[in-house]
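Student: build me a model:
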Amino acid sequence: MSTQAPRQATQRLWAGIQEADPAVVRAAIADGADIEARDDAGTPPVVAATKSGDVALVRILVDAGASPNAKDAIQDSAFLYAGAEGLDDILTLTLAHGADVTSTNRYGGTALIPASEHGHVRTARILIDAGVPVNHVNNLNWTALHEAIVLGTGSADQVEVVRMLLTAGADPSIPDGDGVLPRDLAARRGLSAIVALLDDAA
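Tutor: Residues are numbered from 1 along each chain as shown. Take a look at the predicted model:
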């Protein structure tokens, strides 16, 4: 096979991703496309498919060996992005294909931290069960517990995420970068249901 053939197959792979066409993607992979080839923005195919929310394309790519840990220019991998955005079907696929549960995003945080911020209950459960560290501290000096409180809305889903984090071993004695404890952060925001959970955990 000439070197031109895989290059053309890779071009067709990207065309298939942009067109959300599984048949084109499968055919391009069969013809030797580079499944880790970056586009001009430095994005791997599996991250592009993930950011489009295309479960079918992600499945084809990871089944073909695409790494769920490959990151784009802003340090998003398929695993990290799916976790942050609550794309549970894609998240499950990445975990089944070797996602690194300790990997971190551009903020130095695990997938569990933004999932907790957004109140993605099912996503947080998947990540906790997968072994993502619940007490990891990001570059903002926040754990998942801090982020659920500081950036959350106090919704029922976020209360449930806090409950899950505490049950999984989240440490309410870890302060933020200013030395403020999660309970005090919650009290300042008037998040009474979360304050009650933290009091129970004390």
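
Student: residue 23: how many residues sit nearby?
Tutor: For residue 23, the number of neighbouring residues by other C-beta atoms under 10 Å comes to 10. C-beta: built from backbone N, CA, C; applies to glycine.

Student: tell me which element the closest residue to it other than its chain neighbours is part of?
Tutor: In this structure, residue 23 finds its nearest non-sequential neighbour in residue 16, 7.6 Å apart by C-beta to C-beta, 6 or more residues apart in numbering. Here residue 16 sits within helix 4-18, counting by DSSP states H and E.

Student: which parts of that helix are buried?
Tutor: 6, 9-10, 12-14, 16-17 (16 or more other C-beta atoms under 10 Å).

Student: quick one: end-to-end length of stretch 30-47, please.
Tutor: Across its full length, stretch 30-47 reaches 20 Å end to end, with C-alpha to C-alpha, to the nearest Å as the criterion.

Student: just the buried residues of that stretch, please?
Tutor: Counting neighbours by 16+ other C-beta under 10 Å, the buried set in stretch 30-47 is 33-35, 37-38, 43-47.

Student: just the pLDDT at the residue lying closest to residue 118 once chain neighbours are set aside, thanks.
Tutor: The spatial neighbour of residue 118 that comes closest, neighbours along the chain excluded (C-beta to C-beta, 6+ apart), is residue 86 at 6.4 Å. If you check residue 86, the pLDDT there is 98.

Student: and what of residue 2?
Tutor: The predicted local confidence for residue 2 comes out at a pLDDT of 45.

Student: kindly report the same for residue 28.
Tutor: 97.

Student: OK, contacts around it?
Tutor: By C-beta atoms under 8 Å, 6 or more residues apart in numbering, the residues touching residue 28 are 9-10, 12-13, 15-16.

Student: change it to 7 Å
Tutor: 9, 12-13, 16 (C-beta atoms under 7 Å, 6 or more residues apart in numbering).

Student: just residue 134 next, same as before
Tutor: Residues counted as contacts of residue 134 (C-beta under 7 Å, 6+ apart) are 112, 128, 144, 165, 168-170.

Student: which ChimeraX command selects the buried ones in these?
Tutor: In ChimeraX syntax, the buried subset of these is picked out as below (16+ other C-beta under 10 Å):
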select :112,128,144,165,168,170
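
Student: and the contacts of residue 134, which of them are in helices?
Tutor: Of those, the ones assigned to helices by DSSP state H are 112, 128, 144, 165.

Student: now do the first one against residue 151, distance only.
Tutor: So that's residue 112. Between residue 112 and residue 151 the computed distance is 14 Å (C-beta to C-beta, to the nearest Å).

Student: mind putting the ones in helices among the contacts of residue 134 into CSV with distance to residue 76 and pLDDT?
Tutor: Formatted as CSV, the ones in helices among the contacts of residue 134 follow (distance: C-beta to C-beta, whole Å; pLDDT from 0 to 100):
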residue, distance to residue 76, pLDDT
112, 15, 98
128, 21, 98
144, 18, 98
165, 23, 98
